[in-house]
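Novice: Any chance you could fold what I've pasted below:
(2 chains)
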Amino acid sequence: DQQVKQNSPSLSVQEGRISILNCDYTNSMFDYFLWYKKYPAEGPTFLISISSIKDKNEDGRFTVFLNKSAKHLSLHIVPSQPGDSAVYFCAASVSGANNLFFGTGTRLTVIP
Amino acid sequence: KAGVTQTPRYLIKTRGQQVTLSCSPISGHRSVSWYQQTPGQGLQFLFEYFSETQRNKGNFPGRFSGRQFSNSRSEMNVSTLELGDSALYLCASSLGHTTDTQYFGPGTRLTVL
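Specialist: Numbers count the residues shown, from 1 in each chain, chains lettered A, B, ... in the order given. I've put the predicted structure just below:
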């Protein structure tokens, strides 16, 4: 039972444009959400997180939006750079438990 | 600050054997979590240790076990290996509070023949 879903396995974007990666979740108890970037043969690298008390969090080129009523979050990367090409995972957890539930990942390719 | 380190990076075992993987967390981090990544199941939580105690456990059989030492280093053990245990095993550390960011190591690639 996949509680966190990333329905787009891949996304291609031109350099300089906006990349929007989407994530849906089913468990209404989730209250902490994270995005990780992963290169082959490496562990996931933390990008940005958001608590359920917020609906937006920004860090440089990365912004995460949370829509609790829709159980949906998205990661915006502006402007996209070729070095952003990687697999992006969203993850969610419940306060009081430190286990992350991951989506299946979206492979982002930024075309120079 | 040094990141999370995992040893070994690659391992090949045969069915029926057992294996031990090691993880050293970021200095000052007291929580260590283990995850399994496979093409079919994605990234799945195995267990979490905090202050030498298992604090949380995922839905894996008892062949998967772990422990944490007083210096927060952790090991995970898989006994009676099966072909389906072939995976990337990832360790993540955090300060220990339940909404702390988890930082991942590079993983151990286990191949079971």
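Novice: For the chain, which segments count as strands?
Specialist: Since you didn't name a chain, this refers to chain A. Using DSSP state E, the strands of chain A run over residues A:4-5, A:10-14, A:19-25, A:32-38, A:45-51, A:56-59, A:62-67, A:72-77, A:86-93, A:101-102, A:106-111.
Novice: Chain B is the one I meant
Specialist: Using DSSP E, strands in chain B cover B:5-7, B:10-13, B:19-24, B:31-38, B:42-50, B:53-57, B:64-68, B:74-78, B:87-94, B:103-104, B:108-112.
Novice: For chain A, which residues are neighbours of chain B?
Specialist: With C-beta under 8 Å from any C-beta of the partner chain as the criterion, chain A meets chain B at residues A:32, A:34, A:36, A:41-46, A:49, A:51, A:89, A:91, A:93, A:95-105. All C-beta spots, glycine's among them, are computed from the backbone N, C-alpha and C.
Novice: List buried residues within the residues you listed.
Specialist: With burial judged by 16 or more other C-beta atoms under 10 Å in any protein chain shown, the buried subset of the residues of chain A next to chain B is A:32, A:34, A:36, A:43-44, A:46, A:49, A:89, A:91, A:93, A:98-105.
Novice: quick one: contacts for residue B:20?
Specialist: The contact partners of residue B:20, taken as C-beta atoms under 8 Å, 6 or more residues apart in numbering or on different chains, are B:75-77.
Novice: Ranking by neighbours, what's the top pick from those?
Specialist: Of all these, the highest neighbour tally under other C-beta atoms under 10 Å in any protein chain shown goes to residue B:76, namely 23 neighbours.
Novice: residues near the nearest residue to that residue once chain neighbours are set aside, how many?
Specialist: Take residue B:76 and drop its neighbours on the chain: the residue closest to it by C-beta to C-beta, 6 or more residues apart in numbering or on different chains is residue B:66, 4.2 Å away. Burial measure for residue B:66: 22 neighbouring residues, criterion other C-beta under 10 Å.
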